[in-house]
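Student: Take a look and give me a structure for this.
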Amino acid sequence: MVQRLNVVLDGLDGPPSALRRSAEELTGALIAQAPDGCEVAAIIASSPEPVYAHIVERLPGLASLEKSALARRELAASWRGGFARVHGMTHAVNLLAPLAAHDRLNGSAQLTVTVHDAIAWTHPELLDSGRAGWTRAMGRRAERYADAVVVPSHAVAAELGEALDLGDRIRIVPGAPSASLLPTGDPRRRARELDLPERYLLTVAGPEPRKDLATTLAAVSLSSSGLPLVVATADAEGVRALAAEAGTTPELLHVVDTPPDADLGVLYHGAHAYLCSSVAEGFGLAVLEALAFGLPVVHTSLPALDELTAGAAISVERDDPHTLPARLAEAIDAIDGELADRLSTAAGDRSRAFSWRDSADKIWQLHADL
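Tutor: Take a look at the predicted model:
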């Protein structure tokens with residue numbers, strides 16, 4: 001008898017993003033790493049036909065695609081209200097999951113969900129109230145009904161363990177760099193087509209408070225390097241408005257609006273260094289992607305980011321927000337010559353500790369253990 005793992009997919013109908021890439025990469029690896037006698041199916045909210053076609057194209061080997069009659073908003077509300085049933089083995093790529101009572105002991109069903117960060121509990125002011133409230137509500141349902149909760153780092157495990165009574169149900173399964181970011185064709189030619197500066201700093205961020213892009217902009221303005229900042233974002237208008245408010249001069253800012261994965265790979269490929277001044281993170285997938293391209297990275301000192309980079313980047317304390325831009329600028333200016341080479345080598349070495357194959361193996365082992 002074939003054992004089926006149902007993966008609840010989410011976020012595939014929006015613009016390219018780290019979470020979208022991770023959902024696709026993990027599911028593809030689950031298909032590739034399926035043990036003998038096992039297969040992978042997918043569950044998704046009602047979506048436009050191109051989304052279904054994209055899933056079938058991106059995930060060859062998928063046993064089936066179950067399309068809900070409910071759109072994402074309605075499905076999220078329904079599952080938050082407990083109108084859900086769990087069939088067989090189910091793994092959700094986030095908290096959009098059918099969290100309800102089920103009979104695991106008799107082997108009829110088991111459910112694991114993923115919590116990417118604990119920001120809704122530790123820094124709710126950084127999220128809009130609707131998202132924070134829904135996340136905490138689904139967290140309470142996970143506390144009650146999930147057989148295991150997958151998190152990407154020890155930092156999230158510790159923070160979530162304080163917020164929810166999950167006992168030994170927390171499992172750490174980190175993310176990995178995405179193969180879809182590898183540039184196709186000549187990256188230098190594509191960089192010219194994108195009108196990128198010859199040398200530049202890079203960040204992937206929007207104007208949301210959690211990313212603290214204003215601090216990155218201030219640091220770039222204070223840096224003696226004179227290097228402009230390229231911002232890859234899904235909210236170009238919001239980034240430009242934030243930059244105008246911060247007084248960033250036009251020559252120091254280049255905004256790339258919602259780059260497809262291959263173009264984002266071009267941005268990583270040509271950057272001098274990657275900057276991240278986040279206030280809170282659960283893992284730091286964009287930072288890991290930068291490491292995979294061998295980029296020197298400067299990031300604020302957060303438990304998740306320090307755990308991720310493990311000494312392969314420059315970590316700057318957030319203890320004094322008033323001096324933070326200047327200290328980030330000092331770190332940017334230090335990236336030259338021998339230090340740049342050393343950081344680039346360390347970045348590549350560190351990134352190779354993460355792979356989607358290993359992540360998929362951990363998910364399959366988790367369900368075997370259950």
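Student: contacting residues for Ala304?
Tutor: By C-beta atoms under 8 Å, 6 or more residues apart in numbering, Ala304 lies in contact with 117, 152-153, 155-156, 281-284. All C-beta spots, glycine's among them, are computed from the backbone N, C-alpha and C.
Student: and if you look at Ser355?
Tutor: Ser355 neighbours (C-beta under 8 Å, 6+ apart): Ala176.
Student: still on that earlier bit, just the buried ones out of the contacts of Ala304, please.
Tutor: Neighbour-count burial (16 or more other C-beta atoms under 10 Å) applied to these gives 117, 152-153, 155-156, 281-284.
Student: Out of the contacts of Ala304, which two sit at the greatest distance?
Tutor: Farthest pair in the contacts of Ala304 (C-beta to C-beta) is Val156 and Gly284. Separation: 11.0 Å.
Student: Tell me which residues are up against stretch 121-141.
Tutor: For stretch 121-141, contacts defined as C-beta under 8 Å, 6+ apart pick out 76, 79-80, 82, 95-97, 99-100, 115, 119-120, 159-160, 162-164, 208-210, 279-280.
Student: Might you calculate how far the helix or strand hosting His91 sits from the centre of the chain?
Tutor: Per DSSP states H and E: His91 is located in strand 88-92. Relative to its chain's centre, strand 88-92 lies at 21 Å (C-alpha atoms, centre = their mean, to the nearest Å).
Student: Between strand 88-92 and the next helix or strand after that strand, find me the angle.
Tutor: As assigned by DSSP H and E, the chain's next helix or strand after strand 88-92 is strand 109-114. On the basis of axes from the mean of the first three to the mean of the last three C-alpha atoms, to 10 degrees, strand 109-114 is oriented at 10 degrees to strand 88-92.
Student: which residues touch Pro174?
Tutor: Contact analysis of Pro174 by C-beta under 8 Å, 6+ apart lists 152-153, 283, 308, 354, 359.
Student: For stretch 363-370, what does the pLDDT average out to?
Tutor: Stretch 363-370 carries an average pLDDT of 95.
Student: How are the strands of the stretch 201-350 of the chain distributed by residue range?
Tutor: Under the criterion DSSP state E, counting those that start in this stretch, the stretch 201-350 of the chain contains strands at 201-204, 229-233, 253-257, 273-276, 297-300, 314-316.
Student: can I get those in TSV with mean pLDDT?
Tutor: TSV is the format used below for the strands of the stretch 201-350 of the chain (pLDDT from 0 to 100):
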stretch	mean pLDDT
strand 201-204	98
strand 229-233	98
strand 253-257	98
strand 273-276	98
strand 297-300	98
strand 314-316	98
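Student: Name all residues that make contact with the closest residue to Gly238 other than its chain neighbours.
Tutor: For Gly238, ignoring the flanking residues on the chain, the nearest one in space by C-beta to C-beta, 6 or more residues apart in numbering is Pro207 at 3.8 Å. Applying C-beta under 8 Å, 6+ apart to Pro207 gives the contacts 213, 235, 238-239, 241-242.
Student: nearest to Leu111, of those residues?
Tutor: Asp235 (33.6 Å).
Student: Might one say that that closest one is in contact with Lys211?
Tutor: No - assessed by C-beta atoms under 8 Å, Asp235 is found out of contact with Lys211, at 10.4 Å.
Student: So for the two, which residue has more residues nearby?
Tutor: Lys211 (25 against 18; other C-beta atoms under 10 Å).
Student: Tell me who's in contact with that one.
Tutor: So Lys211 contacts 205, 277-279 (C-beta under 8 Å, 6+ apart).
Student: quick one: pLDDT of it?
Tutor: 97.
Student: same question, Pro15
Tutor: 82.
Student: same deal with the one 5 residues further on?
Tutor: For Arg20, the model assigns a pLDDT of 91.
Student: try Gly185
Tutor: Gly185 carries a pLDDT value of 87.
Student: Equivalent analysis for the one 4 residues further on, please.
Tutor: At Arg189, the model reports a pLDDT of 96.
Student: Doesn't it belong to a strand?
Tutor: No - Arg189 is assigned helix when assessed by DSSP: H, G, I helix; E, B strand; the rest coil, not a strand.
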